[in-house]
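K.L.:
sequence plus the predicted model coming up.
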Amino acid sequence: MSNLARAFLLLLSAASNGGDADSLVRKERQDHIIATVTAAGRAEADDPHTFAARVDDSALRTAERHRESKAGADGVRSNVQALGRLHCAKDTPRVYMYKLPAKLRGDLDICRQAATDNNVNFPGIILHGVSLQKRLTFKDYKNYEFELKLWSDLHGMEMAQRPEDAELFLVPAFLAEMFMNKRVGRQCTFCEQRDDDIVDFLRAIGPYWDRFSGKDHLVTSLRCTKPPSSRHIDDAFPKLWGQTMRACLEEIATPGAYDWRSTIKVPYFTPPVSGLVLPPARRNTSVYFTGSMMPSRRWMQDAFPLVTSSDLEWFERRSSGEANANEHLLERMSVSKFAVVPPGDTPESMRFMQAIHVGAIPVVVSDQLRYPFEDVLPWSDFVIRIPETSVHADPNLLNRTVTAQSGEQIQLMQQKMIQAKAGLTYGIEAGRVADLVLRSACKRLMATAPT
């Protein structure tokens, strides 16, 4: 446990036991916090005196609520146990969002600067006396922007004012961004320390983390199901990515091996597309794909020439060709009836959501791709799926698959896709991602509830 957490718990314990709250005692407690925080080098963005007063006030308010309960601390424990039995009483759980200090949430200023400058140096970690620098590109930032959007949307939802009233606890830390900024290969010493710091903070708020070992806490993560390996990126945050419920971006497990109870697969964020979505009859391109050449995509070299009015463009990564292709990607995709979604570095990429937002029917040729909110949205109504081994063995399979769809069928698929798009859109005014995350969390809470 960090010194900061010990200081917080010391205050809470003293106040809960009826400690005097006069100015002299308060001053002694604040001086103790200042000394502890400063000695540990963990003073937050606030001035230490301001921070100490804020923590002390919070501890006193919490203790006052505890004293007002019928059985004091025993009453709080009983309330926690009752909530454990209730778990999720309605379609969406009662939610409490921890008020993490900016330092524990993650250094978003660096990420925003990266989005502006496109390519900037980041302070790395010190390893064996050597400063390791990382660079985060605009593409990296956009890939993981879902965290910023999701926490922003969830912050706008109705919240429980007291943690003891909650069934689900939100931990609004930008963990994927932290990992991408601070990692060295697949290891992240910084992340392991931040994992301890955040959990210490949660424990300082009350007994809520420990009542189910974090299972009723929601965080954002990079990967969904952890593979059976001795060392993986999921170990970067051992507790936050190992014990909680996770709103995750990437799935790498084989079908049937998904960790359903602790993962909620969410969509990549893609900015809203302005203008009307063209109906299929007004789209001149049949099938579209642009991307870098990889072994899992070589089949397209033989398959695309067999499809009338197809559009295939290869580029080298981090080249001017990539920048040009990405600049015109949405424009070309928006005039295509179908868009192929193959695997890349991961089973899914941002182009899957981009296709849906511009009205191009996704043709998924990625066996491990897991749909966002797969237990909620009717994916088979508007997505075509082809096994990877099949297209590698038969180059004409893509052509036969898309030409087998009549104009009426394609139009109906597009209409159903547009109807489902709100569930894949961030922003609480136009989208339902935050709502579906909470509804999915409720199902998982019920599935893991003690009997």
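P.N.:
Yep, that arrived. Note that the structure is predicted; figures quoted are calculated from it, not measured. Residues are numbered from 1 along each chain as shown.
K.L.:
all strands of the stretch 201-350 of the chain, in order?
P.N.:
Secondary structure of the stretch 201-350 of the chain (DSSP state E, counting those that start in this stretch): strands at 217-223, 245-250, 263-265, 285-292, 311-315, 336-341.
K.L.:
just say which of those is most tucked in.
P.N.:
The highest average neighbour count among the strands of the stretch 201-350 of the chain, using mean count of other CB atoms under 10 Å, belongs to strand 336-341 at a mean of 27. For the C-beta atoms, the positions are set from N, CA and C on the backbone; glycine is no exception.
K.L.:
what lies in contact with it?
P.N.:
Identification of contacts with strand 336-341 by CB atoms under 8 Å, 6 or more residues apart in numbering yields 280, 283, 285-289, 300, 311, 333, 348-349, 351-352, 354-355, 360-366, 369, 384, 398, 402, 410.
K.L.:
kindly report the same for stretch 435-451.
P.N.:
Stretch 435-451 is contacted from outside by 84-85, 87-88, 90-93, 95, 150, 154, 157, 167-168, 212, 215-216, 218, 245, 247, 260-262, 264, 266, 373, 375-376, 423, 428, using CB under 8 Å, 6+ apart.
K.L.:
now, of the residues you listed, which are buried?
P.N.:
For the contacts of stretch 435-451, a burial check counting by 16 or more other CB atoms under 10 Å picks out 87-88, 92-93, 95, 150, 154, 167-168, 212, 215-216, 218, 245, 247, 262, 264, 266, 373, 423, 428.
K.L.:
quick one, domains of the chain?
P.N.:
Listed by automatic domain parsing, the domain ranges of the chain are 1-68, 87-269+428-451, 280-425.
K.L.:
with mean pLDDT added, can I get these in JSON lines?
P.N.:
Shown next, in JSON lines, are those (pLDDT from 0 to 100):
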{"stretch": "domain 1-68", "mean pLDDT": "43"}
{"stretch": "domain 87-269+428-451", "mean pLDDT": "81"}
{"stretch": "domain 280-425", "mean pLDDT": "94"}
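K.L.:
so how far is residue 303 from the most centrally placed residue in the chain?
P.N.:
Geometric centre of the chain, nearest residue: residue 220, 3.5 Å, by CA atoms, centre = their mean. Applying CB to CB, to the nearest Å, the value for residue 220 to residue 303 is 36 Å.
K.L.:
now do the helices in the stretch 51-200 of the chain.
P.N.:
Here the stretch 51-200 of the chain has its helices, by DSSP state H, counting those that start in this stretch, at 73-86, 102-105, 108-117, 138-143, 146-155, 175-182, 189-205.
K.L.:
strand 217-223 and the fifth one, what's the angle between them?
P.N.:
Between helix 146-155 and strand 217-223, the angle formed by their directions is 160 degrees, by axes from the mean of the first three to the mean of the last three CA atoms, to 10 degrees.
K.L.:
ok, now how distant is residue 249 from residue 426?
P.N.:
For residue 249 relative to residue 426 (CB to CB), the value is 12 Å.
K.L.:
then residue 436?
P.N.:
11 Å.
K.L.:
with residue 439 instead?
P.N.:
16 Å.
K.L.:
between the two, which has more neighbouring residues?
P.N.:
Between residue 439 and residue 426, residue 426 has the larger neighbour count (other CB atoms under 10 Å), namely 23 against 19.
K.L.:
go ahead and confirm the more buried one touches residue 149.
P.N.:
Yes - Residue 426 lies in contact with residue 149 (CB atoms under 8 Å); the separation is 3.9 Å.
K.L.:
report the contact partners of residue 273.
P.N.:
330, 334, 357, 358.
K.L.:
mind checking which of the residues you listed are in helices?
P.N.:
330, 357, 358 (DSSP state H).
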